[in-house]
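Undergrad: here you go, sequence then predicted model.
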Amino acid sequence: MKVLAAMSGGVDSAVAAARAVEAGHDVTGVHLALSAKPGTLRTGARGCCTIEDAHDARRAADLMGIPFYVWDFAERFTEEVVEDFVAEYAAGRTPNPCLRCNERIKFEALLDKAIALGFDAVCTGHYARLEMVGGRPELRRSADMGKDQSYVLASLTADQLAHAMFPLGDTTKDDVRAEAASRGLSVAKKPDSHDICFIPDGDTQKFLAGRMETKPGLLIDDATGAVLGRHAGVHEFTVGQRKGLGIDGPAADGRPRYVLALEPVSGNVRVGAAEKLAVTGISASAPVAHVELDGPVECVAQVRAHGGTAPAVAELVDGVLRVQLREPLKGVAPGQAVAIYREDAAGDIVLASATIDATS
Amino acid sequence: MAYLDHAATTPMHPQAVAAMTEALSTTGNASSLHTSGRRARRAIEEARENIADALGARPSEVLFTGGGTESDNLAVKGIYWASGRRRVLASAVEHHAVLDAVEWLERQGADVTWLPTDRFGRVSPESVAEALDASDDVALVTTMWANNEVGTINPVHEIAAVCAARGVPFHTDAVQAVGAVPVDFAASGASALTMTGHKVGGPYGVGVLLLARDVKCTPLMHGGGQERDVRSGTLDVPSIVGLARAVRISVEEQAFRAVEIAALRDELIASVRAVVPDVIVNGDPVDRLPGNAHLTFPGCEGDSLLMLLDARGVECSTGSACTAGVAQPSHVLLAMGVEPALARGSLRFSLGHTSTRADVEKLVSVIGPVVERARTAGLAGMRRSRKVVKQ
């Protein structure tokens, strides 16, 4: 196959590309320039698209002897990921930009271009297992549960997955690093990226404050309706947040208070007791189903990239995925994705993903 | 493989390789006073005289540098600093070695007049005169002899005359011009001229700034006082020897090479147009570098074209690239008034002294399907995603 390997400059995508080469594919490496201003050598080196990362990707490609190019997706990335991220927060929702980037950049903008240029697949260093079963792509959790990224891939359509290649799904991160070292890849010891790549200093609130209209609002006790204080804007809060609420001490009952809901229209933030955070019902739209969902299905639901899983029953009704959790989950916010899995000893299988609209 | 990127760098002449190789195995610092030093010094001075002779300069006007970028920086900053004046006139289509040096000076407090160009990327002597007459504080005018991207040749003699009449130093970046068109420093009337080794069949990392004797220039680097005290640093004897040989050959062969290469270039353009009828040729159709074919393929992304051609053994260039290797729409094309989308879909094919008809045929044999494919990919890139409507 002709394979386009997306190479971020990190260890995972480098080893993934090397494995694709070793499997006999005709591989071309591409580094996506996603930042409109690549900046200096060191800025934001924890994320992607610094000059240093492009250099690291290039050196890895050199070592494998594959052609390597840098493609500019900054404009698309800004429109589809960064602006969406800001708009979602402004609407009081909690987006997942990595998921969005997979959906719209790596497996849409890049994949479309790759296919048009004669490639058969896009290869990335994601930790997830992908196989074609009966002509349909089957996505499973990674063998390394600590690194599993199936959640941020679960919203890819069958067509997108049919042209995806994740060579690292069977491997643990430790083994990938060891393999990188044995292959002589200089990125073997490069630290993992953790934060949102376009917010290198990790200060999401500052990033948002500079990009959206901020509207001051009230901090309201959800139980009593009492006004507890004022705040500069809903972007400063996330559902489940406890610290930094700007209110004096615990509630009258002596228990700490948490952000329960953000109301962007009024600008109000509702706070309340921890148990009010517990969610058992999820309603999610824009579903992508990987199997026929006829009637209620027993599953495991996951509501964020790491952790946040619970046994559940899910049903697709009129384009809405309704998930009834058997154990409550906390910190479930509109805008996040819910992915549902069928438990399987060989790795849980992704059944569907959808965007959370409401919780109960 | 068809190497069609001679404007990026061109193979070394075998004679230059031989001369340089021989010089590599001899020892001697040209500043030393003993026998070995004198031998090195002699090699340098012979090279200097050779280059001066080939380019219509006096030997004392030849300053050896580390290449085109250094020569440009030295001329632009050095002449500006030495002048005590505040304004620099530069064209908007300069190579980054000039452009970025001028922009840096601007950030340091210089006033800059960006000279406009016509749709071919050419600077007119009238616009230079106009800008000069608008200010009595001009330190330097700098416009390139020939454009490295689109190949358009500037009327440097006329521009130099305009500057000379007003007593303002004129620098020209002739990196692409030397060996490609006749270049005579004295006859041109320029005060300073940049050239570099690796564009004329010489080694990398060595170049020349021709600096007229009466032009003051503050050094960028201070040290041993070599090169008229303008460019300190131990002279790189082997590179300078190789450079001199390459300059001599390329200038001697210029007249017939230019005819030969231009014929091949015209054939390239005609043959590509036969396959891709809507191809656009950028730059002056007549007054251009003989080896330059700068083509726009509407509906294509330059990076797609480059990759597809590279995979088929044809090497060319998309124009200026930033450090991360991202293809940016060329500032030259934008200054010429080309739409950004068209600018992105442009490739520079450049021929040189080792180019053959087979190189052109190779390109022509693959360009049709490549453009077709890149066009499909270009459209795919245009297509925005299915927008999920949020409530």
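TA: Everything's here; your move. Remember, it's a predicted structure, so these values are computed and weren't measured experimentally. Residues are numbered from 1 along each chain as shown, chains lettered A, B, ... in the order given.

Undergrad: only C-alpha atoms for contact and neighbour calcs from this point on.
TA: Will do.

Undergrad: what residues does stretch A:13-22 touch?
TA: Here stretch A:13-22 makes contact (Cα atoms under 8 Å, 6 or more residues apart in numbering or on different chains) with A:3, A:5-8, A:27, A:29, A:57, A:60-61, A:64, A:123-126, A:166-168, A:176, A:179-180, A:185.

Undergrad: could you pull out the helices for chain B?
TA: B:14-24, B:35-55, B:68-83, B:96-107, B:125-133, B:156-165, B:185-188, B:237-252, B:254-275, B:302-311, B:331-335, B:340-344, B:357-382 (DSSP state H).

Undergrad: export those to CSV and tack on mean pLDDT, distance to chain A and mean neighbour count?
TA: Below are the helices of chain B laid out as CSV (pLDDT from 0 to 100; distance: least, Cα to the nearest Cα, whole Å; neighbours: other Cα atoms under 10 Å in any protein chain shown):
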stretch, mean pLDDT, distance to chain A, mean neighbour count
helix B:14-24, 97, 27, 18
helix B:35-55, 98, 38, 19
helix B:68-83, 98, 21, 24
helix B:96-107, 96, 16, 18
helix B:125-133, 98, 33, 17
helix B:156-165, 98, 36, 20
helix B:185-188, 98, 39, 17
helix B:237-252, 98, 28, 25
helix B:254-275, 98, 19, 18
helix B:302-311, 94, 7, 22
helix B:331-335, 92, 16, 21
helix B:340-344, 88, 11, 20
helix B:357-382, 90, 5, 19
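
Undergrad: right, so of those, which gets closest to B:G197?
TA: helix B:237-252 (5.4 Å; Cα to Cα).

Undergrad: for residue 73, give me its contacts.
TA: Answering for chain A, as no chain was given. A:F73 neighbours (Cα under 8 Å, 6+ apart): A:32-34, A:105.

Undergrad: I was thinking of chain B, sorry if that wasn't clear
TA: Counting by Cα under 8 Å, 6+ apart, B:N73 has contacts B:97-98, B:101.

Undergrad: now A:A164
TA: A:107, A:121-124.

Undergrad: pull out the buried members of these.
TA: Neighbour counting over those (16 or more other Cα atoms under 10 Å in any protein chain shown) leaves A:107, A:121-124 as the buried ones.

Undergrad: nearest to chain B, of those?
TA: Chain B lies nearest to A:F107 out of the buried ones among the contacts of A:A164, by Cα to the nearest Cα, at 11.0 Å.

Undergrad: confidence score at the closest one?
TA: Looking at A:F107, its pLDDT stands at 97.

Undergrad: got the residues of the stretch 1-150 of chain A near chain B?
TA: Counting by Cα under 8 Å from any Cα of the partner chain, the stretch 1-150 of chain A comes close to chain B at A:33, A:38, A:50-51, A:54-55, A:69-72, A:104, A:108-109, A:112-118.

Undergrad: A:E138 belongs to a strand, doesn't it?
TA: Yes. A:E138 forms part of a strand when assessed by DSSP: H, G, I helix; E, B strand; the rest coil.

Undergrad: beta partners for it?
TA: Beta-bridge pairing of A:E138, defined through DSSP bridges, involves A:E131.

Undergrad: what would the contacts of A:F73 look like in CSV with secondary structure and neighbour count?
TA: Compiled in CSV, the contacts of A:F73 are given as follows (DSSP: H, G, I helix; E, B strand; the rest coil; neighbours: other Cα atoms under 10 Å in any protein chain shown):
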residue, secondary structure, neighbour count
A:L32, strand, 24
A:A33, strand, 25
A:L34, coil, 21
A:I105, helix, 23
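
Undergrad: farthest pair in those residues?
TA: A:A33 and A:I105 (11.3 Å).

Undergrad: got a list of what A:L4 touches?
TA: Going by Cα under 8 Å, 6+ apart, A:L4 touches A:27-30, A:114, A:119-123.

Undergrad: in its sheet, what does the helix or strand where it lies sit against?
TA: For A:L4, the host element (DSSP states H and E) is strand A:2-6. Here strand A:2-6 is paired, per DSSP bridges, with strand A:26-33 (parallel), strand A:121-123 (parallel).

Undergrad: ok, the spatially closest residue to B:V183 that is not a sequence neighbour - contacts?
TA: Leaving out its chain neighbours, the residue that sits closest to B:V183 by Cα to Cα, 6 or more residues apart in numbering or on different chains is B:L55, at 6.0 Å. With contact taken as Cα under 8 Å, 6+ apart, B:L55 is in contact with B:183-185, B:251.

Undergrad: got phi/psi on residue 8?
TA: In the absence of a named chain, chain A is used. phi -80, psi -20 (degrees, to the nearest 10).

Undergrad: was I right to think it contacts A:L34?
TA: No. Judged on Cα atoms under 8 Å, A:S8 makes no contact with A:L34 at a distance of 10.2 Å.

Undergrad: residue of the stretch 201-350 of chain A closest to chain B, please.
TA: A:A286 (7.8 Å).

Undergrad: neighbours of that residue, just the number please.
TA: 18 (other Cα atoms under 10 Å in any protein chain shown).

Undergrad: quick check: it touching A:I356?
TA: No. Using Cα under 8 Å, A:A286 makes no contact with A:I356, being 9.0 Å away.

Undergrad: can I get the strand holding A:L4 in PDB, CA atoms only?
TA: Taking C-alpha atoms only, strand A:2-6 is exported to PDB below (Å, rounded to 0.1, in the frame of the first residue of the first chain):
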ATOM      1  CA  LYS A   2       1.000   3.600  -0.500                       C
ATOM      2  CA  VAL A   3       0.900   5.000   3.100                       C
ATOM      3  CA  LEU A   4       1.200   8.600   4.200                       C
ATOM      4  CA  ALA A   5       2.600   8.600   7.700                       C
ATOM      5  CA  ALA A   6       1.700  11.700   9.800                       C
END
